[in-house]
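[1] next come a sequence and a model predicted from it.
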Amino acid sequence: MSGVLNELRAFLDDRLPAWRAQWPDGSSWEARCAWQRIMARERWAAPGWPVEYGGRGLSTAEVLAVEDVLAEYGAPVLPGMLGLKNVGPTLQVWGTPEQRRHLQGILSTDEIWCQGFSEPGAGSDLAGLRTRAEQDGDEFVVNGQKIWTSNGMHATHMELLVRTDPTAPKHKGISVLLVRMDTPGIEVRPIKQINGEAEFAEVFFTDVRVPRANLLGPLNRGWEVVMTTLGHERAGVAIFASRLEMRAREALERNRAEVRGAPLAPHLRDELLQRYVDSRVLGMLGRQMLDRLAEGVAPGPEQSVIKLVWSQVSQQLDSTCLAIAGLDGVTGGAPGAAQDYLSGRATTIAAGTTEIVKNIIAERVLGLPRG
């Protein structure tokens, strides 16, 4: 693994300074797209993908090590993450040769993908979706609504979950369609967040016609397809757990007395140390889950424990860092602390609300009775 990481470090030492010089505002969408294209040319954008699809064929453990190095260098988060982490691997498993041609567009940012899963009445209860797709010759006609669509305002394509057989049981009669976002009948509206950004969108479908050739996987067996996507999303939860440990360690380094010039108040020091200990334990759990995935063991309900604790510890760390920033965190002198705090409110909602996750843990991990 050391050879791979040495190659990555050499790449970052060579290309990252030049990119930063060209894009001083490295957080903008255009800047991040430019960085992803640089990464893709050297097969670092999706290092876990097979070589024939533009990756490096790295193992799960190696991909985690790559993520750690990228975080260490402060490399930007790639804008096409949903396509790279979730949609792309699903296309590799279920896609036709024609559908797999999207993989190159995902790597190059020519295509930005989002996931049309959650609905106003079917968020964490994904199988309760009501967006319908009716067959009409060689096309599907889609009507319905999706919400909390990440990257919805930038996306060019969507992996859309629809009900194609309304008479089938809840987890049956569901299909997955690959949809261009510029198809007539699609309306995208931004959802403004508490931090002033619009990372999410709601998407409306009115008589949207999608070619039958865009059906991903078997008709009415979309639940099997979407489990592939969600399996990769769950692996992402484990990666987030490891990245949280790095965040906590950086916060400790940033707030050492010799760096700050003055020691922290005892209660803030204790809080920060506790967040670090919590994140270390969570990071170990995340690595264990990734090891199990690498051995071919499908993620089970235990991943919900990691998700629950990650979201809580992440928010607690944001709160502690904002308290350390003090007045500067509120007035703008330390904008990063305030932005992290506001953005972090979403962690107990994304990928399953805390309430739903607790129910899963109670029923499937602890074996408690329902009701």
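    Yep, it's here. Numbering: from 1, shown residues only.

[2] how distant is stretch 197-204 from the center of its chain?
    In this view, stretch 197-204 has its centroid 15 Å away from the chain centroid, taken as CA atoms, centre = their mean, to the nearest Å.

[3] pLDDT weak spots in the stretch 1-150 of the chain?
    Scanning the stretch 1-150 of the chain for pLDDT under 70 picks out 1, 122-124.

[4] just the strands from it, written as ranges.
    Along the stretch 1-150 of the chain, counting by DSSP state E, counting those that start in this stretch, strands occupy 113-116, 132-136, 139-150.

[5] elements contacting the shortest one?
    Packing partners of strand 113-116 (3 or more CB pairs under 8 Å, 6 or more residues apart in numbering; DSSP states H and E): helix 81-82, strand 139-150, strand 157-163. Glycine gets a C-beta too; all of them are placed from N, C-alpha and C.

[6] out of those, the one nearest A346 is which?
    Set against A346 and scored by CB to CB, the helices and strands packed on strand 113-116 come closest in strand 139-150, at 9.2 Å.

[7] can you name every helix or strand that the closest one contacts?
    For strand 139-150, the elements it packs on are strand 113-116, strand 132-136, strand 157-163, strand 174-180, strand 186-191, strand 200-211, judged by 3+ CB pairs under 8 Å, 6+ apart.

[8] quick one: the helices in this structure?
    Counting by DSSP state H, the segments of the chain that form helices are 2-22, 29-41, 60-73, 81-82, 88-94, 102-108, 222-254, 257-260, 266-294, 302-325, 327-331, 335-343, 354-360.

[9] could you give the mean pLDDT of the last one?
    Average pLDDT, helix 354-360: 80.

[10] make residue 1 into 849 and carry on from there
    All set: I'll call the first residue 849, so the last point we hit is now helix 1202-1208.

[11] mind listing what's buried in it?
    Buried residues in helix 1202-1208, counted by 16 or more other CB atoms under 10 Å: V1205, N1207, I1208.

[12] chain neighbours aside, what residue packs nearest to the residue nearest the centre of the chain?
    Residue closest to the mean C-alpha point of the chain, counted by CA atoms, centre = their mean, is L930 at 5.8 Å. Spatial nearest neighbour of L930, excluding adjacent residues (CB to CB, 6 or more residues apart in numbering): W961 at 5.5 Å.

[13] the one you found pairs with what?
    When bridges are assigned using DSSP bridges, the partners listed for W961 are H1005.

[14] to L1009, which of the helices of the chain lies closest?
    Closest approach to L1009 among these (CB to CB): helix 1070-1102, 5.8 Å.

[15] what mean pLDDT does the closest one get?
    Across helix 1070-1102, pLDDT averages out at 77.

[16] and P924, how far is that from L1156?
    Using CB to CB, to the nearest Å, P924 is found at 28 Å from L1156.

[17] do the same with L1190
    Distance of L1190 to L1156, computed by CB to CB: 21 Å.

[18] and E1035, how many neighbours?
    12 (other CB atoms under 10 Å).

[19] surely it meets V1051?
    Yes: between E1035 and V1051 there is a contact at 7.2 Å, judged by CB atoms under 8 Å.
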